[in-house]
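In: Just need the structure, nothing else, for what follows:
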Amino acid sequence: MEYSIWGFPVFKYKFDDPDKALEEIMQNANNEMLTEMSDDWNAKCTSTAHSRDEMDIKYVREELEKTLEKFSRDVHIPRDKMTFKGCSNPECTGDCPDYWINVYKKGDFQDVHYHMNPEDEKTPLFSFTYFAKYDPEKDAKFYFYNPSPAPRMYEEFSGCRPEFKHRTEMDISQGDIIFFPPFLLHGVDEQISDEPRVTLAGNVYR
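Out: All right, here's what the predicted structure looks like:
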């Protein structure tokens with residue numbers, strides 16, 4: 001399914017077996033692999049960002065590749081022009097995927113950010129988030145932040161048009177994965193549930 005977020009396309013898909021994906025991801029979301037994210041990064045959560053090459057997620061990797069095939073057709077970019085590998089070389093035979101597990105416990109959050117680095121030649125082509133363990137009724141919301149002056153200019157009328165709002169959310173369920181341009185500002189609200197919220201986030205390169 002395609003959404004328009006501030007005029008840019010965002011695509012949503014679903015893994016075939018979310019339960020199997022969750023089992024794999026949770027087996028890798030252990031204390032030995034998780035690292036506390038610093039408040040200096042405007043976040044409070046734990047992540048496998050520094051040990052992602054050690055993750056044993058065979059089924060999840062297969063589903064990511066299948067989903068990337070669908071995404072390539074929908075976005076009209078050849079599949080061989082996109083890769084999950086952080087080295088940005090689709091022909092690389094090494095294990096260098098640029099994705100990681102995020103675990104949000106009660107009180108955790110992730111402030112507004114994007115996946116762009118103007119000084120880095122390996123800026124992603126797209127970013128993604130897979131919602132491995134997520135209850136839309138209880139867990140912190142993923143949102144896209146409005147980068148335009150509209151929320152300040154039209155705050156009084158923000159209920160009239162979605163373009164005037166500070167942020168927008170998508171209809172997300174456990175097992176969903178979204179692909180979006182890396183420059184779209186996004187964040188995660190504070191987790192208020194006692195149960196953890198778990199995602200797999202990462203980037204796609206060309």
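In: Going by C-alpha atoms from here, please, whenever you check contacts or count neighbours.
Out: OK.
In: for the residue most central in space within the chain, what are its contacts?
Out: The centre of the chain sits closest to residue 129, judged by CA atoms, centre = their mean, with a distance of 2.3 Å. Listed by CA atoms under 8 Å, 6 or more residues apart in numbering, the contact set of residue 129 reads 177, 178, 179, 199, 200, 201, 202.
In: Not counting its neighbours along the chain, what's nearest it?
Out: Nearest residue to residue 129, sequence neighbours excluded (CA to CA, 6 or more residues apart in numbering): residue 201, at 4.3 Å.
In: thinking the one you found is in contact with residue 132, fair?
Out: No: applying CA atoms under 8 Å as the test, residue 201 and residue 132 come out as separate, 10.1 Å apart.
In: And the two? Which one has more around it.
Out: Counted by other CA atoms under 10 Å, residue 201 and residue 132 do not tie: residue 132 has more neighbours, with 27 against 20.
In: hang on, the earlier thing: going by secondary structure, the residue nearest to residue 129 is in what exactly?
Out: Residue 201 belongs to strand 197-204 when assigned by DSSP states H and E.
In: Then residue 179?
Out: Using DSSP H and E, residue 179 falls in strand 176-180.
In: partner strands of the helix or strand following that strand, parallel or antiparallel?
Out: Later in the chain than strand 176-180, the nearest helix or strand by DSSP H and E is strand 186-188. Counting by DSSP bridges, the strands paired with strand 186-188 are strand 109-113 (antiparallel), strand 142-145 (antiparallel).
In: and residue 23, helix, strand or coil?
Out: Three-state call for residue 23 (DSSP: H, G, I helix; E, B strand; the rest coil): helix.
In: now it: how far from residue 189?
Out: Look at residue 23 and residue 189: by CA to CA, to the nearest Å, they are 24 Å apart.
In: Now stretch 95-111: buried residues?
Out: 96-106, 108-111 (16 or more other CA atoms under 10 Å).
In: Most widely separated two among these?
Out: When CA to CA is used, the two most widely separated members of these are 96 and 106, lying 30.9 Å apart.
In: In space, what's closest to residue 57 - neighbours in sequence excluded?
Out: Per CA to CA, 6+ apart, closest to residue 57 is residue 24, 5.6 Å.
In: What number of neighbouring residues does that neighbour come out with?
Out: Close neighbours of residue 24, defined as other CA under 10 Å, add up to 18.
In: I appreciate the help and will end here.
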